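K.L.:
Predicted model, plus sequence, below.
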Amino acid sequence: MKKVAFEPEAFEQLGEWGKEDKKVFKKILELIKDIQADTRKLAIKESKNAKLGVRKPDESEYPLDLPFTLEQLLDEDFYGDML
């Protein structure tokens, strides 16, 4: 699986786009919601392949909705050392 790298400039640009064009901002929210459903399915699938000794969460433990706000996603400090 590829490691996702977030460029700080991307966060700034996205914030600017959201202020300038509300349609773009709304579309981004829709895309994030679509991605959440796909990533939830992938996480459930991957957890079933976990090694022995690792607790395998029940499907109901995975959130149906994104547990973060768009503001958190756009805040580069929210990610800590991942950036």
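P.N.:
Ah, there it is.

K.L.:
residue ranges for the helices of this protein, please.
P.N.:
Per DSSP state H, the chain carries helices over the ranges 8-20, 22-48, 70-74.

K.L.:
Okay, angle between the first one and helix 22-48 too, please.
P.N.:
Per axes from the mean of the first three to the mean of the last three C-alpha atoms, to 10 degrees, the angle that helix 8-20 makes with helix 22-48 is 130 degrees.

K.L.:
which residues are in contact with helix 8-20?
P.N.:
In this structure, residues lying in contact with helix 8-20 by C-beta atoms under 8 Å, 6 or more residues apart in numbering are Val24, Phe25, Ile28, Leu74, Asp75, Glu76, Leu83. The C-beta positions use only the backbone N, C-alpha and C, and glycine is treated the same way.

K.L.:
Mind doing that once more with 6 Å?
P.N.:
For helix 8-20, contacts defined as C-beta atoms under 6 Å, 6 or more residues apart in numbering pick out Val24, Phe25, Leu74, Glu76.
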